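> Below: sequence and its predicted model.
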Amino acid sequence: MFPVRISHVCHSWRQIALRTPRLWRRIALSSNIDMWKERISRAGACTLDIQLFPWRPTRWSASERQYIDAMAIQWYLHPVMPLLRRWRSFEVVFKDYSPYLWNAALSGLCSRSRRSRAPTLQNLTLIYPVNDDTKEFCLFSGYAPNLRNVTLDGIRLTWLPSLFGNLVFLDYTHHGFSLGHQAVYDVVVMLEISCRLVELRILFPPRRRVVSHTRSSPVARRVLLPSLQRLHLRVEGSDIPFELMHLMSLILTPSLTSLSLIDVDHRRPTFPGLRSFFYIYAISPSIRLLRIEYRWYDPRMVSPIVSALPHLRRIVIRRPQMSDQVLNLSSRNRKARWIRDFLQPVPSQIDKVHTICEPTIGHSRYINHHIYVRPPVC
């Protein structure tokens, strides 16, 4: 409601707001259809940011919950569907279960007609974690050449080069309708098409729905992501899933500079499969920033990583009931004597961030058995 508040300050501000179409481009769909039609009119020829959330903005900068079902969704989307060619972003978030939500929200985007194309679309967010519909959707008549950023959770999409070939950012939570080798194969095919990614975030959640076992043989084809710089590996559940381990053994990332190991549940102790993961996953030697959270952390792994990654400059560790610990490295002081203070801070140090410059080189056995560094790709 920011543009409305701006336009109510005074007459001069109102005139400026009414003559600035970009102020009105965000359309957060709700039952107030007339208001959103007026905002679309004020946006003029400007591209539009379409949002459909389970909450709606109020006049006092707060949000209130709104009821969403299949009929309501089609009603909300009706004013903006004819303007599909002007969409700059499309965000849909469903939190609670109701049948046929994806069908209602996306049916108008799955036509083969040219009117379903999205030539100006840059950002796409589709989130419905409790979805149980296994249908695969082919969006925008297979044409969205400017699409750069995609966030998906709880949906199956037809992954076409004309749709997703130019992505630079992908936040992907696997839908759970396939697992094992089939799930790995599905993601590998996606990454082969979206090979221009700069940032990738991936999660294989433990939830299981209608599961298809259509592939029994391991996936052997490798994927080269030459532009990937930032990688987030997220785990939700009691251990690192097989799908994530297998997938990471197939990805080549010669330009990777930042690796984040995220524990969604924020628990302890260390993942049981952590040793196997670091034995399988070939860490890119180009990494400069490493972030380790909660159950990804094992104190025995810090020194081997420091020794194995020559370009590593910073390690950030997050543990339960502690502030982030930051280990800054330099090319001159990688031989350590102070790592003990970093790994086992005294109580007075728990509430503040540490900057330690000289980790020790120890645990050679852990280096041999846990840390595998892939040589640079020529």
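Received the coordinates, thanks.
> Using the three-state scheme, assign I292.
Three-state assignment for I292 (DSSP: H, G, I helix; E, B strand; the rest coil): strand.
> Mean confidence (pLDDT) on stretch 88-100, please.
In this model, stretch 88-100 has a mean pLDDT of 92.
> Next: stretch 116-126.
The average pLDDT within stretch 116-126 is 95.
> H181 falls within a helix, correct?
Yes. The assignment for H181 (three-state DSSP) places it in a helix.
> Kindly provide the distance from L101 to D49.
21 Å (CB to CB, to the nearest Å). All C-beta spots, glycine's among them, are computed from the backbone N, C-alpha and C.
> Counting neighbours, go ahead and name the busier of those two.
For L101 versus D49, neighbours defined as other CB atoms under 10 Å are more numerous around L101 (23 against 17).
> residues in contact with the more buried one?
Neighbour list for L101: 68-70, 73, 94, 128, 131 [criterion: CB atoms under 8 Å, 6 or more residues apart in numbering].
> ok, now how distant is it from R148?
Counting by CB to CB, the gap from L101 to R148 is 26 Å.
> N103: how many residues sit nearby?
Residues lying near N103 (other CB under 10 Å) number 15.
> hang on, it in a strand?
No. Going by three-state DSSP, the assignment for N103 is helix, not a strand.
> Okay, now the unreliable bits of the stretch 251-378 of the chain?
331-378 (pLDDT under 70).
> My guess is N146 contacts L124. True?
No. Taking contacts as CB atoms under 8 Å, N146 lies outside contact range of L124: 10.9 Å.
> So for the two, which sits in the more crowded spot?
L124 (24 against 12).
> Kindly confirm my reading that the more buried one is in a strand.
Yes. Counting by three-state DSSP, L124 falls inside a strand.
> what about the nearest residue to it once chain neighbours are set aside, how many residues close to it?
In space, and not counting its chain neighbours, L124 is closest to V150: 4.9 Å by CB to CB, 6 or more residues apart in numbering. By the criterion of other CB under 10 Å, V150 has 21 neighbours.
> V150 sits in which helix or strand?
Following DSSP states H and E, the helix or strand that holds V150 is strand 149-153.
> Give the pairing partners of that strand; include direction for each.
Its sheet considered, strand 149-153 pairs with strand 123-127 (parallel), strand 169-173 (parallel) by DSSP bridges.
> quick one on the thing from earlier: from the contacts of L101, list the buried ones, please.
68, 70, 73, 94, 128, 131 (16 or more other CB atoms under 10 Å).
> my guess is H266 meets P320, correct?
Yes. H266 lies in contact with P320 (CB under 8 Å); the separation is 6.9 Å.
> Spit out the residues that contact these two alike.
Y294.
> show me the residues around the closest residue to A72 other than its chain neighbours that make contact.
Leaving aside its sequence neighbours, A72 sits nearest to S31 (CB to CB, 6+ apart; 7.5 Å). By CB under 8 Å, 6+ apart, the contact list for S31 reads 56, 66, 72, 75-76.
> Check L203 and give its pLDDT.
At L203, the model reports a pLDDT of 96.
> Who does it form a beta bridge with?
T173, R234.
> Run a quick neighbour tally on it.
With other CB under 10 Å as criterion, L203 counts 18.
> looking at it, it is touching I240, isn't it?
No. Between L203 and I240 there is no contact under CB under 8 Å: 11.4 Å.
> what touches both of these two?
Common neighbours of L203 and I240 (CB under 8 Å, 6+ apart) do not exist.
> can you tell me the helix or strand for E243?
Under DSSP H and E, the secondary-structure element containing E243 is helix 242-248.
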